[in-house]
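# what follows is a predicted protein model with its sequence.
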Amino acid sequence: MKLTRRQTMKRASEFAMVRAEGSSAAGRFLVLSTAPLPRQQANEAAIHESRFGIITTRKLGHAVVRNTLRRRVREIVRAHGEPLSTGRYVVVIPRIHAVTASYEQLEHDFIKQMKRLLHTENKAC
RNA sequence: GUUCGGGUUCGGGUGGCCGCUGCGUGGGGAGCAAUCUGCCGCGUAGAGGAAAGUCCGGACAUCACAAGGCAGCGUGUCCUGUGAAAGCAGGAGACACCCGGAGCCAAUGCCGGGUGGCCGGAAAGUGCCACAGAAAACAAACCGCCCGCAAGGGUAAGGGUGAAAAGGUGGGGUAAGAGCCCACCGCUCCGAAGGUAACGACGGAGGCACGGAAAACCCCGCGCGAUGCAAGACAAACAGGGGAAGGGUCGCCUGCCCGCUCAUAAUCCCCGGGUAUUAGUUGCACCCCGCUAUAAACGCGGGGCACGGUCGCCACGACCGCGAGAAAAAUGGCCACACAGCCCGCAAGGGCGGACAGAAUCCGGCUUACAGAACCCGAACGGCG
């Protein structure tokens, strides 16, 4: 899937909403949370693109560490995030163990958490 | 050649696939058009020597085209060069420490070499100096010594403590002692050859006063208006109302003094209103000419300009390098190959694995972090001639 600047979350209120109303799944290396897009935005276009946000806190390390981690996560989302590509907010938060993890480990963890989220959603329906 | 120290330069490479942001451009879409573009392509550019800490200095911007002071902040040997300034470089001086030499009872000083740095003042003032020690500074008596029956007094020579104990040695002197007196050494003050200067060879005087720390406060010289690109400018939208203060308020600073200006506005506080936008545009990312089997661009070629570096015949010139522009923040992810490095192994080979670190208005410095590579200089040791 594509992942351009337009698809990023930019407002604190959006992150707060996902935190308050969304569902999440936590793995060893990262936390994945998601919430549906608001209605009024969904009405404008039939299929609306999801918005993605990656949170890298200072706890993870200095700027270079945070940059690489954010780039890796963005790449993983671009490669495997297709099931999440419409109609939702998606927030990915790397945890402290992600700093020493390999790209492959991060990839597996992301896919696993994504499947868990989608599975519980289907059950709820 | 090895090791150590110093300096300069570099600080990961090549290729493939898939992406992101800026710019340019072809097509599609929207629009009467200018033009715009969340769509599909193509071309092209895209982190550092410290981008870091935010410690100095400037550019730029705003604050009333207006004067000054105190507090406050910065800075501190001298000369030269460089620079817009901060600063940097070279040389010199004093000081401290180390090594060697002469000298030697000791204190200390002399000669030669090397190293070092927040290098004004401790004789303006207030305070401080842990522990130990009797005592930590207008002195002082624990032991000791002397006088004395004792009470008490004299004594800073000796002991011991300490980071530091109030000049050193010798002689005289004395009840015992003491610069109390003398000689030499040291010290202080005054003069002074010389030196651009810091400084100071040398001479004279004085029994000697002045413990340390200025990174405790402080004092002296010199310098400094404040706030920072979240500065600020522009566009769009809108609706104002109420309160406090009346020689008080506001205006340029963190506080204050003094001066000046304005005249019911402004400022401040409260209530209310507005919304272009996935955080509006700009500030903010060099300019000109030519080229491309479409065209253009920040591409390529040439020229100019700014900045940085090197060299010089110091007129300025020559050569080399360099020109990124995000905004929840692009500059990347993965793979392969070779090259450094480390580990295991007799070897073949195998494994691990890229130092410190990420632009945010720009420029000049300072400080701090840093695996490794190349070159240059110096020192020590060893080898060869």
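On my side now, so go ahead.

# who in chain A is up against RNA strand B?
A:2-6, A:8-12, A:15, A:41, A:45, A:48-49, A:51, A:53-55, A:62-64, A:67-68, A:70-72, A:75, A:78, A:103-104 (CB under 7 Å from any atom of the strand). Backbone N, C-alpha and C define where each C-beta goes, glycine included.

# try 6 Å this time
By the rule CB under 6 Å from any atom of the strand, the part of chain A lying against RNA strand B is A:2-6, A:8-12, A:15, A:41, A:53, A:62-64, A:67-68, A:71-72, A:75, A:78, A:103.

# which of these are buried?
The neighbour count (16 or more other CB atoms under 10 Å) marks A:Leu3, A:Met9, A:Phe15, A:Gly53, A:Arg72 as buried among the residues of chain A next to RNA strand B.

# hmm, which two among these are most spread apart?
Across these, the longest distance by CB to CB is 20.4 Å; it joins A:Phe15 and A:Arg72.

# dump the helix or strand A:Ile76 falls within to CSV, restricted to CA.
Element membership of A:Ile76, judged by DSSP states H and E, is helix A:63-80. Output of helix A:63-80 as CSV, limited to C-alpha atoms (Å, rounded to 0.1, in the frame of the first residue of the first chain):
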residue,chain,number,x,y,z
ALA,A,63,17.3,11.0,17.8
VAL,A,64,19.1,8.6,15.5
VAL,A,65,17.6,5.6,17.3
ARG,A,66,14.2,7.1,17.2
ASN,A,67,14.5,8.0,13.5
THR,A,68,15.6,4.5,12.4
LEU,A,69,12.8,2.9,14.4
ARG,A,70,10.2,5.2,13.0
ARG,A,71,11.5,4.5,9.4
ARG,A,72,11.5,0.8,10.0
VAL,A,73,7.9,0.8,11.4
ARG,A,74,6.8,3.0,8.5
GLU,A,75,8.3,0.5,6.0
ILE,A,76,6.6,-2.4,7.7
VAL,A,77,3.2,-0.6,7.6
ARG,A,78,3.7,0.1,4.0
ALA,A,79,4.5,-3.5,3.2
HIS,A,80,1.9,-5.3,5.4
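
# with that, I have no additional questions.
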